[in-house]
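K.L.:
Fold the stuff below for me.
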Amino acid sequence: MRASARLDRLPPYLFAELERKIEEKRRAGVDVISLGIGDPDLPTPAAICDALAAAVRDPSTHGYPTNRGRPEFRQAVADFYRRRFGVELDPESEIIPALGAKECIFNLNLAFLDPDSLALAADPGYPVYTGGPVLAGASAHPLPLEPELGFVPDLAAVPGEVAARARLLYLNYPNNPTGAVVPDGFFERVVDFAREYQLLVVHDASYTELCFDGYEAPSFLATPGARDVGVEVFSLSKGWNMTGWRTAAIVGNRQAIESYWKLKTNVDSGMFEALQLAAAHALTDLADFPREMSEIYRRRRDLVCEALERIGVRVQRPRATIYVWAPVPAGFDDAASWCEHVLERAGVVVSPGAAYGAAGEGFFRISLTVPDERLLEAVERMRSSLA
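P.N.:
This is a model prediction of the structure:
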C-alpha cells in the first residue's frame, strides 16, 4: 500500500500531535493541564440544544440536505450580518453553509488552486492555510505577520512574481494565534492588493464575536469593495461553544461562492438540516450569547497575563480571541524547548509559536479554554518549573 506523495509534504498536524502528547502523559498518571487547544470548556447553550432536538424530530430534516442550505439558515445569517456588521447579503446567492471553517477553508483550495498557483498565507497562522494548498497540489507562500505593523503582513513586500501566481489570500482577524485585531486601514489595503493581482481574499472570521474592553471586530465585507474580491468564513464554533457541531457559513462574493458550491456538490451532501435550524436559532435568538463568553474570557485573559507578568513574561493583552500570545522566557533557545520543558517539568501543555509558521518562533500560545482555577494552577506550575 502506498499513500499519496502529497501527504509526505505535510508536517504532523499540530493539534493531533498535542492530543497525542496529552494522552501519553495522562496514561503515565500525570495530571496534565492542556492550554494548547482552543476548544471551549463550557457547554453549548441549552436553548440551542433544545432547538436541535426539536429539529431532529421534524421529518423534513431527515433527507439529503442541499448544499445551498435551508432558507431559514441563510436568512438567519443574512439578518445577523445586517444587525452585527451593517453588511447586506443576498440569502439566495451570497450565503452557503459550511461544515466548520476548517472544511470550508480547505475546500476553497480545491476550488481555486492549480498546481502552478499558490495561496498567500498568514505566518503565524492556522495550519490549514498552508496545509490546504499542499493537499490541493499547489503551494503556500507565507506572509510574516509583522509585530511593528500590528501583526499584519506587509503586502507591499510581497514579490511581484509571487503575487502574480497567487489565487488566494488567507487572513484572520481577530487573529489566531496572536490575538491581534485588524489595524485601521489594513482591510482597505487588502482590497487594493486583491484588485491589482486579481486574487480572492478569504477572511477567516472565526473570532469576531469574542472581543474585550469595548472593542467590536468588523467584518471584512464591511470594507468598500471587499465583496468584489473576497469571501468571509463565519463560524459559530467559538462564540457559541459549538466546536463539535461544525456549523459555519461562507458569505460574500457570489462568483466565488458558486465555485465553492460546485465543488461541494461533488464532495459531500451538505450540513444536516436540523443543525442548520439550530444554528439559525443561535444567530437569531441567542445573538448576544458571545458577549457573555467574552466576559468570561476577558477575566481569564487578565488572570493569565497578570500571572505571566509576575514570573517575568511581559505580554500584550489581546483585545479579542481566546488566546494569549506570549514571548518565550529568557534562558530557552526556542519555543519548542520551552514547551517541552513545561510539559515535562510542570505537566502543562502550551503551543509553540513556530508550529503556526516560522514567524511565530520565540512565542508560545496559551488557550483560555479551561476554568479559572486550572489556568492559575498552570501558570503557577510554569513559575515553579523555572525555579
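K.L.:
domain parsing for the chain?
P.N.:
When the chain is parsed with automatic domain parsing, its domains come out as 5-43+289-386, 46-285.
K.L.:
Point out the most buried one among these.
P.N.:
Mean neighbour count (mean count of other CB atoms under 10 Å) peaks for domain 46-285 among these, with a mean of 20. In short, each C-beta sits where N, CA and C put it, glycine included.
K.L.:
distance between it and the chain's centre?
P.N.:
Taking CA atoms, centre = their mean, to the nearest Å, the mean C-alpha location of domain 46-285 is offset from the chain mean by 9 Å.
K.L.:
what's the span of it, first residue to last?
P.N.:
Domain 46-285 has an end-to-end distance of 12 Å (criterion: CA to CA, to the nearest Å).
K.L.:
start the count at 4, not 1, going forward
P.N.:
Sure, I'll start counting at 4 from here, so that last one is domain 49-288.
K.L.:
Would you map the helices across the stretch 54-203 of the chain?
P.N.:
Using DSSP state H, counting those that start in this stretch, the helices found in the stretch 54-203 of the chain span residues 74-88, 103-115, 131-138, 163-168, 189-200.
K.L.:
can you list these in JSON lines and add distance to Leu10 and mean pLDDT?
P.N.:
Formatted as JSON lines, the helices of the stretch 54-203 of the chain follow (distance: least, CB to CB, whole Å; pLDDT from 0 to 100):
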{"stretch": "helix 74-88", "distance to Leu10": "34", "mean pLDDT": "98"}
{"stretch": "helix 103-115", "distance to Leu10": "14", "mean pLDDT": "96"}
{"stretch": "helix 131-138", "distance to Leu10": "8", "mean pLDDT": "94"}
{"stretch": "helix 163-168", "distance to Leu10": "24", "mean pLDDT": "97"}
{"stretch": "helix 189-200", "distance to Leu10": "30", "mean pLDDT": "98"}
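K.L.:
re earlier: rank the domains of the chain by pLDDT, which is bottom?
P.N.:
Within these, the stretch with the lowest mean pLDDT is domain 8-46+292-389, showing a mean of 89.
K.L.:
Report the secondary structure state of the residue nearest to Phe215 when sequence neighbours are not counted.
P.N.:
Distance criterion CB to CB, 6 or more residues apart in numbering; nearest residue to Phe215, sequence neighbours excluded, is Arg301 at 4.1 Å. With DSSP: H, G, I helix; E, B strand; the rest coil as the basis, Arg301 sits in helix.
K.L.:
Relative to Glu106, how far out is Arg301?
P.N.:
In this view, Arg301 and Glu106 are 30 Å apart by CB to CB, to the nearest Å.
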